[in-house]
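Q: this one's structure only:
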């Protein structure tokens, strides 16, 4: 069943077309890779998917917790729709603890109202207890529980990456967007991340779309690839067919 449909999507900045005539359908439960050279429009595409940019024309439709189209997208609404994202440049709250960062991701799942919060009614304590238990479980999954009181800025780079994914998962998404999750990781960290992405897809019943330059990771875990070049979608298919596609080879290696 399709859960994301993109129709004739364009985004221009002045006279420059950053994304041009993108059409794609992504099915529920897939791990999908968005690849292409630097400047191909991949991050712009993610920004369109998450309401940071509005399309110049065309549409994006999610079929998640409810069906919504691009005209309703706002960054602060996306987690309510069931969409969570990490960023190419890590965006943690550096002066907050590991636990506090993940609790921020969880905030939409707290069900008490403002009166319960002000007067500390029973519903407030029940929700706080449940939230802390679920966030604690996430930290244990990501091997971060022992560092729950550590400021995020003091974590090693690889653990900051994992923390950002944990924070995204805390919002209980149906779709997880990962923007270069392996960036800056060494080979062992990338192998660990590959296993983790596969595991969280199954454990959390997620659809995952990732932008990634590490081809070993992409070829290992993605069932479908979409290749961007100069803002256009030049190829799509399974990893094996993409590796042999002449347009893809030309985009990466140049030549006639």
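A: That came in fine, so what should we check first? All values derive from a computational prediction rather than experimental measurement.
Q: Break down this protein into its helices, ranges please.
A: 42-49, 78-81, 98-106, 114-119, 122-141, 157-170, 187-203, 215-221, 239-244, 246-253 (DSSP state H).
Q: Let's have those in TSV, adding mean pLDDT.
A: Listed next are the helices of the chain as TSV, based on pLDDT from 0 to 100:
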stretch	mean pLDDT
helix 42-49	96
helix 78-81	91
helix 98-106	94
helix 114-119	62
helix 122-141	82
helix 157-170	93
helix 187-203	91
helix 215-221	91
helix 239-244	94
helix 246-253	86
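Q: Put together CSV for the ones you listed, with distance to residue 232 and mean neighbour count on each row.
A: Placement of C-beta: from N, CA and C, glycine included. Conversion of the helices of the chain to CSV gives the following (distance: least, C-beta to C-beta, whole Å; neighbours: other C-beta atoms under 10 Å):
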stretch, distance to residue 232, mean neighbour count
helix 42-49, 11, 22
helix 78-81, 25, 20
helix 98-106, 34, 21
helix 114-119, 48, 11
helix 122-141, 38, 15
helix 157-170, 28, 21
helix 187-203, 27, 15
helix 215-221, 19, 17
helix 239-244, 15, 14
helix 246-253, 10, 14
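Q: Of all those, which one is nearest residue 233?
A: Closest to residue 233 of those, according to C-beta to C-beta: helix 42-49, at 9.3 Å.
Q: Now the terminal residues of stretch 7-20, how far apart.
A: With C-alpha to C-alpha, to the nearest Å as the measure, stretch 7-20 spans 11 Å from end to end.
Q: So what touches that stretch?
A: The list of residues contacting stretch 7-20 from outside it, by C-beta atoms under 8 Å, 6 or more residues apart in numbering, reads 21-23, 41, 44-45, 48, 53, 55-61, 230-232.
Q: are any of those buried, and which?
A: 22, 41, 44-45, 48, 53, 55, 58, 60, 231-232 (16 or more other C-beta atoms under 10 Å).
Q: Just send those residues back as a markdown table, with distance to residue 199 too.
A: Below are the buried ones among the contacts of stretch 7-20 laid out as a markdown table (distance: C-beta to C-beta, whole Å):
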| residue | distance to residue 199 |
| --- | --- |
| 22 | 30 |
| 41 | 30 |
| 44 | 30 |
| 45 | 26 |
| 48 | 29 |
| 53 | 32 |
| 55 | 34 |
| 58 | 34 |
| 60 | 28 |
| 231 | 34 |
| 232 | 34 |
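Q: out of the residues you listed, which are inside strands?
A: 22, 58, 60, 232 (DSSP state E).
Q: Contact partners for residue 164?
A: 86-87, 90-92.
Q: so how far is residue 139 from the nearest residue to residue 171 once chain neighbours are set aside?
A: Using C-beta to C-beta, 6 or more residues apart in numbering and skipping the chain neighbours, the partner closest in space to residue 171 is residue 79 (4.3 Å). Separation of residue 79 from residue 139 (C-beta to C-beta, to the nearest Å): 19 Å.
Q: go on, residue 188?
A: The gap separating residue 188 from residue 139 is 21 Å, by C-beta to C-beta.
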